[in-house]
Every structure is written in structure tokens, then in C-alpha cells.
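**Student:** What follows is a predicted protein model with its sequence.
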Amino acid sequence: MQLAVIAMFAVGLVVGLLGGGGSILAMPLLVQLLDLEPRVAMAFSLALVGLGALVGAVLHATRRNVDMGLAAAFGAVGMSGAVFGGRVSPHVPIRALLAAFIALMVTTAIAMKRGRAAGADASPGSPPARSKGATARLLGAAAVIGTMSGLVGAGGGFLVVPALTMLGGLELRRAIGTSLAVLALQSTAGALASPALRLIPVELALPLVLASLWGTAIGFSLSSRIAVSTLRSAFANLVLVMACGTAAKTLGAGAAGLTAAVSLVALGALRYGRREGREGR
């Protein structure tokens, strides 16, 4: 239990620092440290991230790092998708959900390794310019991310942040704050829509929730002192390791080997592409 409390503090720290990624870590940690059934761990991870994101969003709002209008629109669509995904999830084979979750972990980590998202260099105070087409794509992304959130217990923060920068035109730190507001809405909706959440005893949940919230507050205080690019690279490496560990524990050694092989091939291709790009200049 003590290890689980420390782990949930670390999850909260990640949420406060990076505006997401907590559920990608929380779900496999809950399975491995507490032997929770995966569906229960998925629902609980959403609840943890939802509460932590709410605290983080309030703190970021004090620095004017939250686009309230965009968070409300993205969050409303994402909540609908999360509720739908949460209702559908019990009817999907657990191995399929786990495979989707592991694939999401690897995809997210590789996307983070690719570098800063578009919009990261925009000036913090500049208003985003969005066409009607960009707004439609942004809301479409919200629906997809929200549904994925409800289905596999992933809050989707590292999908929300790139969507907000590339489609919403937000500067990176403002996208992180807005992402937390979105996650607070859609993660909570996804958790409440899952019947598995009722299986978590209060005496187990309370210390884990408090540890996560404490971590989120500390992560927020550190967020302005550490380069986001450095944090993203380190977190991406951790996510890949966790993906392999989750595959080994829940799907077997073969799935873990396949996950590791795909990760290594993707990282190799990424490095090769970067080298080719440098040599072509």
C-alpha cells in the first residue's frame, strides 16, 4: 500500500507538470501494485486523474493559463464521448481493451519523442486564430479522445495538449492548463459512467487520492522551472517501460516482447528520420 501511495503521488506530479499522462501511468501501477482487476483500475485511474486535473486547472487559472471558452467546448464534447465509452467498455473483451491501452501508451510516447507540438513557440499572450474548419476538427478530436478516455481508462491529456496546440493555436503552457480543465471534465464523466468505480473501497481510495492531489499541487509549483521538452522526453521513456510491464503482467510475455519490439523499431525510425533531416540541411 505504501508503494501505491508513493506511485499515486508521482502520478499527480506528472499531471501537475505536464497537463496529462496520469492515467497512462496510474492504470498499470494500480494493476501491478494493488492487483486490481483491469476494469476497476481503469475506472479508478480516471477518477484520480479527474480530481488531480481539477486542482491543476484551478492553479493554472491563477496564472491565466486556461482558455475557459475552449476548455468548456472541448470538455463538453469530450465528456459526451467519455460517457459513451464508459458505457460501452463493459461490453468489450478485456484483452481488447488492454491491447488498445498498451497501443495508446506506445503511440503517445513516440508522439512525445517526436518533439514539440506546433504552437509551442507562440507567444503566451497571443490570441489563437482558428478557422471554422479548425474548430470543427478540434471538436472532432475532442469526441474521439473522450470516447477513448471512457473505453480504456486514459484521460487523454497527451492527446488533448497536441490537439490544443496544433488545432487550437494555443501556446504550450496555456495548452497544458486548458488540458487540465478538459481532463477534469471528461475524466470525471468517464469514471462516473463506469460501474466498476463502485468496487473501490473508500479506505483504499482516500489515501491514494490525497497523495495524487498533493503531487499535482507540487507539480504545478515546479512546472515553470523545468523545460517542458525535458520532462516530455523523460516521461515518454517511462511510458514505454510501463507499456512493456503492463503487457507482461496482463497479456503475457509474447505481448510484452511485441510491445518492446514495436517501441524499439519506432524509436529507431524516429532517430533515423532526425539524422536524415540534419544531413539534408
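**Tutor:** Yep, it's here.
**Student:** I'd like the distance between residue 219 and residue 15.
**Tutor:** Distance of residue 219 to residue 15, computed by C-beta to C-beta, to the nearest Å: 6 Å. Heads up, the C-betas are built off the backbone N, CA and C, glycines and all.
**Student:** Mind exporting the C-alpha coordinates of stretch 43-52 to CSV?
**Tutor:** Taking Å, rounded to 0.1, in the frame of the first residue of the first chain, the C-alpha atoms of stretch 43-52 are listed here in CSV:
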residue,chain,number,x,y,z
ALA,A,43,-12.2,3.5,-13.7
PHE,A,44,-10.2,4.4,-10.6
SER,A,45,-7.4,5.9,-12.7
LEU,A,46,-9.9,8.2,-14.4
ALA,A,47,-11.3,9.3,-11.0
LEU,A,48,-7.8,10.0,-9.7
VAL,A,49,-6.8,12.0,-12.8
GLY,A,50,-10.1,13.9,-12.9
LEU,A,51,-9.7,15.1,-9.3
GLY,A,52,-6.0,16.0,-9.8
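**Student:** Give me the mean pLDDT for that stretch.
**Tutor:** Averaging pLDDT along stretch 43-52 gives 84.
**Student:** Identify all contacting residues around that stretch.
**Tutor:** Residues outside stretch 43-52 that contact it (C-beta atoms under 8 Å, 6 or more residues apart in numbering) are 8, 11-12, 15-16, 22-23, 26-27, 30, 36, 82, 86, 149-150, 153-155, 157, 183-184, 187-188, 190-191, 194, 196-197, 200, 205, 208-209, 212-213, 215-216.
**Student:** Number of residues surrounding residue 185?
**Tutor:** Neighbour count for residue 185, taken as other C-beta atoms under 10 Å: 23.
**Student:** element containing it, please.
**Tutor:** For residue 185, the enclosing helix or strand under DSSP states H and E is helix 172-193.
**Student:** Just the CA trace of that helix, in PDB.
**Tutor:** Presented in PDB, the C-alpha positions along helix 172-193 are these (Å, rounded to 0.1, in the frame of the first residue of the first chain):
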ATOM      1  CA  LEU A 172       2.200  25.100 -24.900                       C
ATOM      2  CA  ARG A 173       1.900  26.100 -21.300                       C
ATOM      3  CA  ARG A 174      -1.600  27.600 -21.900                       C
ATOM      4  CA  ALA A 175      -2.400  24.300 -23.600                       C
ATOM      5  CA  ILE A 176      -1.300  22.400 -20.500                       C
ATOM      6  CA  GLY A 177      -3.600  24.500 -18.300                       C
ATOM      7  CA  THR A 178      -6.500  24.200 -20.700                       C
ATOM      8  CA  SER A 179      -5.900  20.500 -21.000                       C
ATOM      9  CA  LEU A 180      -6.200  20.100 -17.200                       C
ATOM     10  CA  ALA A 181      -9.600  21.800 -17.300                       C
ATOM     11  CA  VAL A 182     -10.700  19.400 -20.100                       C
ATOM     12  CA  LEU A 183      -9.400  16.400 -18.300                       C
ATOM     13  CA  ALA A 184     -11.200  17.400 -15.100                       C
ATOM     14  CA  LEU A 185     -14.500  17.300 -17.100                       C
ATOM     15  CA  GLN A 186     -14.000  14.200 -19.300                       C
ATOM     16  CA  SER A 187     -12.100  12.000 -16.800                       C
ATOM     17  CA  THR A 188     -14.700  12.600 -14.100                       C
ATOM     18  CA  ALA A 189     -17.500  11.900 -16.600                       C
ATOM     19  CA  GLY A 190     -15.800   8.700 -17.800                       C
ATOM     20  CA  ALA A 191     -15.200   7.500 -14.200                       C
ATOM     21  CA  LEU A 192     -18.800   8.100 -13.100                       C
ATOM     22  CA  ALA A 193     -20.100   6.300 -16.100                       C
END
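**Student:** looking just at contacts, which helices and strands does it meet?
**Tutor:** Helix 172-193 sits against helix 2-18, helix 38-61, helix 68-88, helix 132-152, helix 157-166, helix 228-250, with contacts defined as 3 or more C-beta pairs under 8 Å, 6 or more residues apart in numbering; DSSP states H and E.
**Student:** okay, now residue 269: neighbour count?
**Tutor:** Using other C-beta under 10 Å, residue 269 has 11 neighbouring residues.
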